[in-house]
Structure formats: C-alpha cells, structure tokens
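Novice: quick one, fold the following:
(2 chains)
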Amino acid sequence: ELKVEQNPLFLSMQEGKNYTIYCNYSTTSDRLYWYRQDPGKSLESLFVLLSNGAVKQEGRLMASLDTKARLSTLHITAAVHDLSATYFCAVALPISNFGNEKLTFGTGTRLTIIP
Amino acid sequence: KAGVTQTPRYLIKTRGQQVTLSCSPISGHRSVSWYQQTPGQGLQFLFEYFSETQRNKGNFPGRFSGRQFSNSRSEMNVSTLELGDSALYLCASSSPADKISNEQFFGPGTRLTVL
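Specialist: Numbering: from 1, shown residues only, chains lettered A, B, ... in the order given. Alright, predicted model coming up:
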C-alpha cells in the first residue's frame, strides 16, 4: 500500500525566509502533484511533476521530483504572507488501462508566514 | 472553460439519513474521482468513475456508493449516515486521454455535517 509522508506538518516562518517542505513516498511513481488549500476552500493545483528530475517554478515556489529517492520537495523563497496555506503533495498511481489515476495525498503542511 | 461544479455546497443531516452529492466535471472530461477530507484522516480516495463504470474504490464501507451518467456527471450517495461521515467531499475531473498530464481538477467541495 502506498504511503505518502510529508514534513513538517506545521511550519511557521517569518517573511523573507526560505524553507523546504518534503514529500516522501513508498512506491515507485513518476507522477506527483502539489496542491494548495486555503481554509474552508478546495484544492488549487500548483505543480504537475511527471518525470524524474522534473523541476517547476512559479513565483516564490519551486517543486522538484526525484523518483529514485521517492522524494519531492516544495521550496519557498523569500516567503510572503500570501503564501500562508496548507500544502499537499499527492502521488498518482494508475488504476486502469485507460490512463485513469488515483491520488494518494500526504498529510499536508500548514504553513503560516509571520509578518 | 467552466470548472468542476459540486452541489450542494453545504448539507446538514442527522444520523441514519442518507445523502446524495452531485458533481459536474469540466466539459470533455470523462473521469470523475471522489475524495473525502476530514481533520483526522486527511484526504482519502473514495472511488473513480470513467465511462459510467467504477474503475477503482478506496477503503470505505458499502454505505458509500456512486454512479456516473452518460454525460459524465457523477453522484455519490452515503446511506445510514454516521457522525464520522462529517467531512468535506471533493470531486475531481480529469481527461485520461490526455496522457501527458491527466491532471485532476477539483471542485469547490460539499461540506457535509452529520448531527
């Protein structure tokens, strides 16, 4: 059974600082997604990582995937208050020959940026 | 393109009742997945439908069921509600034919409260 571990669970950081969220998973997969969730809201897609060594950047966020280590990271550069949210990684595994996938989510990291 | 829509957005039910939630996928998407989010268990996969057939089901009791219609709209039903069914139910749609990404796009969710 696939297990996805995220750490840390909670992260409180000052504006302007850098930090990294880690996502480890237990079964081979080369497809991983990062989502953001604001309180009471749904999941907003941030990054789609589809191969070993994939790196994507958007603004102050950068995500990478190492399929051999079964590790993905979400790096935050010079954090700003607007980045306060809960971040989830999700590992995709195929569930049919049609290309359908099932997502297994990490526990989430609640990020609070302090002014 | 309109996003994934879910109705109703909020529901309050009492134990023992049943409930039906609805999801309309993005136009052209034929796969619909359902997830349950609770503070204790996090985000968990319920089931996935493609071409009106359930392709995979998560580890949930038989009280949880669903179906998909020919227009790809999906419903999920929970019978004999229990307090522990209180959760945010998220629907996601994707296009497995898009083998490059097959990204799942999430709806706003239905917040179910069981009293």
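Novice: looks like residue A:110 contacts residue A:9 (just checking).
Specialist: Yes - taking Cβ atoms under 8 Å as the definition, residue A:110 is a contact partner of residue A:9 at 6.9 Å. In this view, the C-beta of every residue, glycine as well, is placed from N, C-alpha and C.
Novice: which one's more surrounded, those two?
Specialist: The residue with more neighbours, out of residue A:110 and residue A:9, is residue A:110; 16 against 12, by other Cβ atoms under 10 Å in any protein chain shown.
Novice: partners of residue B:21 in the sheet?
Specialist: When assigned by DSSP bridges, residue B:21 has beta-bridge partners residue B:76.
Novice: got a list of what it touches?
Specialist: B:6-8, B:11, B:75-78, B:89, B:91, B:110, B:112 (Cβ atoms under 8 Å, 6 or more residues apart in numbering or on different chains).
Novice: how close does it get to residue B:14?
Specialist: Distance, residue B:21 to residue B:14, using Cβ to Cβ, to the nearest Å: 17 Å.
Novice: please apply the same query to residue B:81.
Specialist: On the measure of Cβ to Cβ, residue B:81 and residue B:14 end up 7 Å apart.
Novice: identify the contacts common to those two.
Specialist: By Cβ under 8 Å, 6+ apart, the residues touching both residue B:81 and residue B:14 are residue B:114.
Novice: give me the more crowded residue out of the two.
Specialist: A count of neighbours by other Cβ under 10 Å puts residue B:81 above the other of residue B:81 and residue B:14, at 20 against 10.
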